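# compute the structure for the input listed below.
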Amino acid sequence: MVVTNSFQFHVTGLDCAGCAQSVEKAVSQLPGVNHCELAFTTAKLRVRGQVTAATITDKVQALDYGIATADEAPATTVGPELLPSFWAYLWQRRATQFALLGALLILPGLLLTELLGYEHAVIHLFSLLAMVAAGWPIAQSAWRALRQRDININVLMTIAAIGAVIIGAYTEAGMVMVLFALSEALEGYTGNRARHAIRSLLATTPSTATVIARNGVAIPPAEYPITQLQIGDLLRVRPGERIPMDGQVRTGQSAVNQAAITGESMPIDKTVGDNLFAGSINGEGVLTLVVTHLAADNTISRMIRLVEEAQEKR
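Okay, the predicted model is just below:
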């Protein structure tokens, strides 16, 4: 009997949607792969077929991208405001460091040749060095794409730069590579911020909860990680605390701030039998709630999944 495996990975190092398409096509061509889908916005690679995880990992790594299983991928709980600036992002990556070097080398040609009309062999040399510095990672990607019988934007840009050199437009050749490399870096940076913004929703829920009853039996109040909570557990939420799990009020009444979940600006009065959302903030009363959803299926987790699925279908 043929066994069909399903895998989900997290791919790092994607700068643009074209990069994601190249990886997707390369993995799709592996023997035994029935379905392959890689979304640039979420960096999630889903593969189904008679193939092993090691084969997929080796293929993606051969394309110079990082890959980890969904379980191994680090959870991101920081918002965009804690991410590095665009310039810091450029400096952290080898390919974009070369793009910055190319931007410096192209300045003589841009200022002297393009603006003032002055030409010199040294200026042309600087322009060629700018093209090589910024375009080397692009040319490498283009070569890998050609080996996969794929003509992508990197192939076209490499051909354009070589053509510009052939006709003697050295400054234009360097400029097109520098601008393309920086634009890809900008696209990768904005995609990175978008992914962090989605995952930062997790920061609105606490990591632990106070459990006062489990399996219908009262226990001394104890702190449990929310990943260990079970449906039916009884939790105590003190005034001012964030509600850790989706649940239903068992005892008590309070005004709950649900702005982070529903956008409502005014607190909503909650009493026995009312539903509570994970991530909302308790008001002045003490509430006892019974857990109705696991951590992986609470309101915040469902919101994240829906946003990611919507982005993947754009």
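# list the buried ones in stretch 214-222?
Across stretch 214-222, burial judged by 16 or more other Cβ atoms under 10 Å covers residue 214. Quick note: C-beta positions are derived from backbone N, CA and C, even for glycine.
# please save the CA atoms from that stretch in PDB.
What follows is stretch 214-222, C-alpha atoms only, in PDB (Å, rounded to 0.1, in the frame of the first residue of the first chain):
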ATOM      1  CA  ARG A 214      -9.800  20.000  36.900                       C
ATOM      2  CA  ASN A 215     -11.900  17.000  35.700                       C
ATOM      3  CA  GLY A 216     -14.700  18.300  37.900                       C
ATOM      4  CA  VAL A 217     -12.600  18.100  41.100                       C
ATOM      5  CA  ALA A 218     -11.600  21.300  43.000                       C
ATOM      6  CA  ILE A 219      -7.800  21.600  43.400                       C
ATOM      7  CA  PRO A 220      -5.600  24.200  45.200                       C
ATOM      8  CA  PRO A 221      -5.200  27.200  42.900                       C
ATOM      9  CA  ALA A 222      -2.200  26.500  40.600                       C
END
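# what lies in contact with it?
With contacts defined as Cβ atoms under 8 Å, 6 or more residues apart in numbering, stretch 214-222 is touched by 210, 211, 212, 213, 230, 232, 233, 234, 236.
# narrow these to just the buried residues.
Among these, the ones that count as buried by 16+ other Cβ under 10 Å are 210, 211, 212, 213, 233, 234, 236.
# out of those residues, which are inside strands?
With strands taken from DSSP state E, the overlap with the buried ones among the contacts of stretch 214-222 comprises 210, 211, 212, 213, 234, 236.
# farthest pair within the residues you listed?
Across those, the longest distance by Cβ to Cβ is 10.9 Å; it joins 210 and 213.
# in its sheet, what does the helix or strand where residue 219 lies sit against?
Per DSSP states H and E: residue 219 is located in strand 217-225. Applying DSSP bridges to the sheet, strand 217-225 is found paired with strand 208-214 (antiparallel).
# now find how far off-centre the partner strand is within its chain.
Centroid separation for strand 208-214 versus its chain: 33 Å, with Cα atoms, centre = their mean, to the nearest Å.
# avg pLDDT for that strand?
Strand 208-214 shows a mean pLDDT of 92.
# stretch 281-294 too?
Averaging pLDDT along stretch 281-294 gives 92.
# contact partners of that stretch?
Residues from elsewhere that reach stretch 281-294 (Cβ under 8 Å, 6+ apart): 212, 229-243, 245-257, 260, 267, 270, 275-276, 278, 299.
# what subset of those residues is buried?
212, 229, 233-237, 242-243, 245-247, 249-250, 252-254, 256-257, 260, 267, 270, 276, 278, 299.
# in strands, which of the residues you listed appear?
Filtering the buried ones among the contacts of stretch 281-294 for strands - DSSP E - leaves 212, 234, 235, 236, 237, 247, 249, 250, 254, 256, 270, 276.
# which members of these are the farthest-apart pair?
The span of those, defined through Cβ to Cβ, is set by 212 and 256 at 18.9 Å.
# so what strands line up beside the helix or strand residue 47 falls within?
Take DSSP H and E as the rule and residue 47 turns out to sit in strand 44-49. Strand partners for strand 44-49, identified by DSSP bridges, are recorded as strand 5-12 (antiparallel), strand 33-39 (antiparallel).
# who wins for proximity to residue 116 among those strands?
Across those, closest to residue 116 is strand 5-12 (Cβ to Cβ), at 43.3 Å.
# after the closest one, which helix or strand is next?
Downstream of strand 5-12, the next assigned helix or strand under DSSP H and E is helix 17-28.
# any idea of the pLDDT on residue 311?
As predicted, residue 311 sits at a pLDDT of 64.
# again with residue 84
64.
# same question for residue 267.
Looking at residue 267, its pLDDT is 91.
# over to the one 4 residues further on?
On the pLDDT scale, residue 271 is placed at 93.
# quick one: neighbours of it, just the number.
As a burial measure, residue 271 scores 12 neighbours (other Cβ atoms under 10 Å).
# again with residue 128
17.
# now it. Nearest residue, chain neighbours left out?
Spatial nearest neighbour of residue 128, chain neighbours left out: residue 170 (5.8 Å); criterion: Cβ to Cβ, 6 or more residues apart in numbering.
# from residue 133, how far out is the one you found?
From residue 170 across to residue 133, the span is 14 Å (Cβ to Cβ, to the nearest Å).
# wait, residue 40 touches residue 15, no?
No - taking contacts as Cβ atoms under 8 Å, residue 40 lies outside contact range of residue 15: 9.1 Å.
# which SS class is residue 111?
helix (DSSP: H, G, I helix; E, B strand; the rest coil).
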